[in-house]
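>>> no sequence for this one, just the structure:
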């Protein structure tokens, strides 16, 4: 019969088709993941979101300790001290200055061609400068003829914090904060595999 003569050819054709289909499936499964992976991209918004969780972060902490004393005496004609009018203040203190950044002030741009994440850091800012109440001691000797004002303690504390901040700046406070910020940001953005963080 005619269809019997055609049977070997049809069987061969079916086997060949099956081999081709199996081959396509095999190579597709083998290489398609790589094709999709190579097209994975991130956006500026995604990179920003990675950092937004921390919002505001301190990248360097400076601790200080010291003793500050001051006296105040009434004078006659601005040159003659009036006896018995001297008061004094003494502050033995410990404090902490925290410096860092606000993520909202940073600039972030992603280059998916170069696989680079560009980060622009603003100027570091003082997030806090506090005297630790538990370990600091304030003493005063008042004088009825020259009483210490009610806000004198707060003013004295502000003077101490301002002086210690200047000392910290002289010891490269903001430079160290920037170095640590770069390390922290680089580690956070390492979640994006294959990308390099560039600061500019």
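Received the coordinates, thanks. No experiment lies behind these values; they were computed from the predicted model shown. Numbering: from 1, shown residues only.
>>> what bridges to residue 100?
Counting by DSSP bridges, residue 100 forms beta bridges with residue 58, residue 125.
>>> isn't it right up against residue 177?
Yes: applying C-beta atoms under 8 Å, one finds residue 100 in contact with residue 177, separated by 6.3 Å. C-betas here are computed from N, CA, C, even on glycine.
>>> Residue 91 - how many residues pack around it?
Other residues near residue 91 number 20, with proximity taken as other C-beta atoms under 10 Å.
>>> That one - that's part of a strand, no?
Yes: applying DSSP: H, G, I helix; E, B strand; the rest coil, one finds residue 91 inside a strand.
>>> quick one on the thing from earlier: residue 100 and residue 177: which has the busier surroundings?
residue 177 (25 against 22).
>>> so what's the more buried one up against?
Residues in contact with residue 177 (C-beta atoms under 8 Å, 6 or more residues apart in numbering) are 59-60, 99-101, 124.
>>> ok, now residue 125?
By C-beta under 8 Å, 6+ apart, the residues touching residue 125 are 99-102.
>>> picking up where we left off before, of all the contacts of residue 177, which comes closest to residue 42?
residue 101 (21.3 Å; C-beta to C-beta).
>>> what's the spacing between the closest one and residue 169?
Using C-beta to C-beta, to the nearest Å, we find residue 101 at a distance of 17 Å from residue 169.
>>> More neighbours: which of those two?
Per other C-beta under 10 Å, whichever of residue 101 and residue 169 has more neighbours is residue 101, with 25 against 15.
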